[in-house]
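**Student:** give the three-dimensional model of this entry:
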Amino acid sequence: MKAIRVGLMQMDSQDQKERNMRRASELLEEAVSRGATLVGLPEYFNFIGEENQESEQAETIPGPTTTQMAEWARKHHIWLHGGSLLERVDGRDKLFNTTVVFSPDGKIVSRYRKIHLFDVDVMGGPAVQESTIREPGDQIVVCPTPVGTIGLSICYDLRFCEVYRILALKGAQVVFVPSMFADLTGRDHWEPLLKARAIENQFFVLAPAQIGKKPLYSCYGHSIIVDPWGTVLAQAPDGETSLLADLDLEKIEVIRKQIPCLKNRRPSAYRWP
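**Tutor:** Model (predicted):
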């Protein structure tokens, strides 16, 4: 399959998990009714609350939320990218920020744990030390599917170009960046970073995002779909919504033949300082 219709969910998730799950289901059904066969949720789509609530709300995988997502995938016969959720692992004190991908028969076919933790202190903006409560993943993950090879990343990973170059070299055609991007930094950085990752690696970038005020900061939203040329195919307005676009995967090879950046790499000359 060379062309696919994708749907992204933009959400204002809060600390009411039942409401968040219901809203995700509604937005997903809206996207499917408009022909989406690959659907993606935003970061922490099922729960965003205070730090002292997180341990209770975190889940194992498989668990209640992934069981429900599996049912959505089966019901609508779609490939479902599960945004991310708080993952609890027995024997570990900290939680993972984890995404999962489901096949149309409801099976988990891939899992990615966020590698880069949000440890920042932005003047006039958020001051966050995610590493005090999260454990980082250590694997860069691609997921081959009949609708294209999917690359996995989460939010702050976006600022680390190494992840996306490795995803490209591992064959990624469509890369998800589910996010809870801060409003202050998002105004200037969100779209340029997403376009840069798409242009330099010549693949599609899909970024379903959170909107609204959260415990630590307000979110920028502006979920977006960018093609390998850096053209914005679709961008969400303010508010909870589903965002759709048609991806022509053949465009990747056309652009890579015109500007063969990946082919012209010279790894032997790249020396880390």
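**Student:** what helix or strand does S55 sit in?
**Tutor:** S55 is located in helix 51-57, with elements delineated by DSSP states H and E.
**Student:** which parts of that helix are buried?
**Tutor:** By neighbour count with 16 or more other CB atoms under 10 Å, helix 51-57 contains the buried residues 54, 57. Where C-beta positions appear, they are placed from N, C-alpha and C, glycine not excepted.
**Student:** cool, stretch 22-31 as well?
**Tutor:** Neighbour-count burial for stretch 22-31, with 16+ other CB under 10 Å as criterion, is recorded at 23-25, 27-28, 31.
**Student:** among these, which are located in strands?
**Tutor:** For the buried residues of stretch 22-31, membership in strands holds for none, with DSSP state E as the criterion.
**Student:** tell me which stretches of the stretch 101-250 of the chain form strands.
**Tutor:** Assigned by DSSP state E, counting those that start in this stretch, the strands in the stretch 101-250 of the chain fall at 108-113, 119-121, 127-129, 142-145, 148-152, 174-176, 204-207, 211-213, 218-220, 224-226, 232-235, 241-248.
**Student:** packing partners for the longest one?
**Tutor:** What that stands for is strand 241-248. Identification of packing neighbours for strand 241-248 by 3 or more CB pairs under 8 Å, 6 or more residues apart in numbering; DSSP states H and E yields strand 3-10, helix 17-33, strand 224-226, strand 232-235.
**Student:** hmm, try it at 7 Å
**Tutor:** Applying 3 or more CB pairs under 7 Å, 6 or more residues apart in numbering; DSSP states H and E, one finds that strand 241-248 makes contact with strand 3-10, helix 17-33, strand 232-235.
**Student:** cool, and the second one?
**Tutor:** When contacts are defined as 3+ CB pairs under 7 Å, 6+ apart, strand 119-121 sits against strand 127-129.
**Student:** how about the strand it packs on: buried residues?
**Tutor:** Buried positions in strand 127-129, judged by neighbour count with 16+ other CB under 10 Å: V128.
**Student:** pLDDT below threshold where in the stretch 1-150 of the chain?
**Tutor:** Within the stretch 1-150 of the chain, the set of residues satisfying pLDDT under 70 comprises 1.
**Student:** one step back: out of the strands of the stretch 101-250 of the chain, which comes closest to F47?
**Tutor:** Go through the strands of the stretch 101-250 of the chain one by one with CB to CB and the one that ends up closest to F47 is strand 211-213, at 13.6 Å.
**Student:** can you list contacts of the closest one?
**Tutor:** For strand 211-213, the surrounding residues in contact (CB atoms under 7 Å, 6 or more residues apart in numbering) are 10, 12, 219, 221, 238-239.
**Student:** tell me the buried residues within the residues you listed.
**Tutor:** So, of these, 10, 12, 219, 221 end up buried under the neighbour-count rule (16+ other CB under 10 Å).
**Student:** out of those residues, give me the two with the largest separation.
**Tutor:** Top of the distance list for those (CB to CB): Q10 and C219, 9.8 Å.
**Student:** shared neighbours of the two, anything?
**Tutor:** Applying CB under 7 Å, 6+ apart, one finds that Q10 and C219 are jointly contacted by 209, 211.
**Student:** find the residue at the geometric middle of this protein.
**Tutor:** In the chain, the C-alpha closest to the average C-alpha coordinate belongs to P178, at a distance of 2.5 Å (CA atoms, centre = their mean).
**Student:** correct me, but that one touches V100?
**Tutor:** No. P178 is not in contact with V100 according to CB atoms under 7 Å; the separation is 11.2 Å.
**Student:** can you list the buried residues in stretch 109-129?
**Tutor:** Of the residues in stretch 109-129, those buried under the neighbour-count criterion (16+ other CB under 10 Å) are 110-118, 126, 128.
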